[in-house]
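J.: What shape does this take:
(one chain, ligands or ions: 1)
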Amino acid sequence: MPAIDISSVTKQYATERALDDLTLTVERGEIYGFLGPNGAGKSTTINLLLDFIRPTAGEVRVFDLDVRADSLEIRNRTGILPEGVDLYDRLTGRQHVEFAIESKGADDDADALLERVGIGDAAEQKAGGYSKGMAQRLTLATALVGDPDLLILDEPSTGLDPNGARRMREIIREENARGATVFFSSHVLGQVEAVCDRVGILRDGSLIAEDTVEGLREAMPTQTRLRVTLDRIPDDSAAALEALESIDGVSSVTPEDRTLVVACEDRAKTTVLHTVEEYGVTVEDFETDESSLEDLFVAYTSDDSNGAQVVR
Ligand SMILES: Nc1ncnc2c1ncn2[C@@H]1O[C@H](COP(=O)(O)OP(=O)(O)OP(=O)(O)O)[C@@H](O)[C@H]1O
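T.: Next up is the predicted model:
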């Protein structure tokens with residue numbers, strides 16, 4: 001039985017179709033990264049899971065429970081880090097966590113949770129004086145109350161510094177190791193790449209790709225950035241550049257002094273090196289960078305793309 005089962009869901013606002021026949025399943029124990037550009041429909045999906053809004057069509061189930069009929073039970077078993085943290089300025093960090101513990105009927109130790117998210121020393125401080133990152137950490141602490149079966153994190157790294165983001169990733173892994181399913185939305189790709197079992201990419205309310213990070217990479221023609229360092233600039237550098245640019249599979253060539261940066265498909269690498277040497281220069285060194293998830297994300301979601309067939 002999946003932890004999250006979204007089946008043919010459409011959400012239509014007055015003029016805006018936020019979700020268009022979305023089907024998405026997250027298995028129990030998975031860490032699922034929900035990626036998409038601004039306005040893709042990520043928050044709408046999360047709000048449907050929590051019954052904050054209702055679908056125009058389709059069905060949403062969490063732990064095989066109906067989100068409409070059983071929303072209380074679902075919320076009780078779920079820890080939520082919503083987009084846009086909403087704290088009570090006059091309550092301290094500890095009071096926030098104690099309130100969450102009481103609401104869930106849990107028996108966590110508030111101080112231990114605050115320590116865990118790295119703001120133990122600010123427990124007595126009023127949340128009104130918290131920085132953005134501290135507020136985010138406090139909200140995470142409240143989401144962890146009661147060892148939830150499902151953690152829903154909407155853009156969890158917002159406002160966090162690199163240490164905070166690392167702590168967030170560690171906590172996601174720890175919670176998952178304890179048995180929790182984690183569903184988190186992001187457009188910070190490093191976060192997703194580092195921790196997710198699977199990634200779904202949402203665009204204009206539809207899932208346009210879903211796979212492991214490795215699987216998504218393999219589905220794309222491998223784009224390589226080749227850095228070729230020459231012993232000197234070729235005498236006829238303009239002709240050399242033109243020859244390189246006309247190689248099948250090469251998308252761009254940028255000279256940087258004696259180094260050429262060539263964006264190309266994997267298969268074109270050898271031809272690039274041979275072509276350079278035809279211009280009387282010697283290749284002293286070359287290195288390649290694999291396309292990052294960032295490149296993939298841009299490829300999948302940029303306006304001039306049509307999903308899986310594109311490269312950047
Ligand atoms: N209450 C609403 N009324 C009308 N349109 C809405 C409403 N909420 C969201 N939308 C629209 O639905 C679409 C999806 O919005 P949503 O907030 O789910 O995207 P998102 O992927 O979470 O974006 P972001 O990364 O910017 O938070 C957007 O076009 C948005 O303008």
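J.: for Lys42, what are its contacts?
T.: 34, 36, 154, 185, 202 (CB atoms under 8 Å, 6 or more residues apart in numbering). Using the backbone N, CA and C atoms, a C-beta is placed for each residue, glycine as well.
J.: Leaving out chain neighbours, which residue sits closest to it?
T.: Of all residues not flanking Lys42 in the chain, Ser185 sits nearest, at 4.0 Å (CB to CB, 6 or more residues apart in numbering).
J.: Distance-wise, check the one you found relative to the ligand.
T.: 7 Å (CB to the nearest ligand atom, to the nearest Å).
J.: ok, that residue - contacts?
T.: 33-36, 42-43, 45-46, 83, 153-155.
J.: could I get stretch 208-224 in CSV with only the CA atoms?
T.: Only the C-alpha atoms of stretch 208-224 are listed here, as CSV (Å, rounded to 0.1, in the frame of the first residue of the first chain):
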residue,chain,number,x,y,z
ILE,A,208,6.7,15.3,-17.0
ALA,A,209,9.3,13.0,-15.7
GLU,A,210,9.7,10.6,-12.8
ASP,A,211,12.6,8.4,-12.0
THR,A,212,15.7,8.0,-9.8
VAL,A,213,18.3,10.8,-10.3
GLU,A,214,20.4,8.3,-12.2
GLY,A,215,17.5,7.2,-14.3
LEU,A,216,16.6,10.8,-15.3
ARG,A,217,20.3,11.3,-16.3
GLU,A,218,20.3,8.2,-18.4
ALA,A,219,17.1,9.2,-20.2
MET,A,220,18.8,12.3,-21.5
PRO,A,221,21.5,12.1,-24.2
THR,A,222,24.6,12.6,-22.1
GLN,A,223,25.6,16.2,-22.4
THR,A,224,29.2,16.8,-21.6
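J.: just to revisit the earlier point, secondary structure class for the residue nearest to Lys42?
T.: Recorded secondary structure, Ser185: strand (DSSP: H, G, I helix; E, B strand; the rest coil).
J.: Just grab the bridge partners of it for me.
T.: Phe34, Asp154 (DSSP bridges).
J.: Would you mind measuring from it to Ser157?
T.: Here the criterion is CB to CB, to the nearest Å. By it, Ser185 lies 11 Å from Ser157.
J.: Could you do Met1 as well?
T.: Taken as CB to CB, the span from Met1 to Ser157 is 30 Å.
J.: Among those two, which residue is more densely surrounded?
T.: Under the criterion of other CB atoms under 10 Å, the comparison of Met1 against Ser157 puts Ser157 first, with 21 against 8.
J.: so the more buried one sits right up against Ser186, yeah?
T.: Yes - here Ser157 reaches Ser186: they are 6.9 Å apart, a contact under CB atoms under 8 Å.
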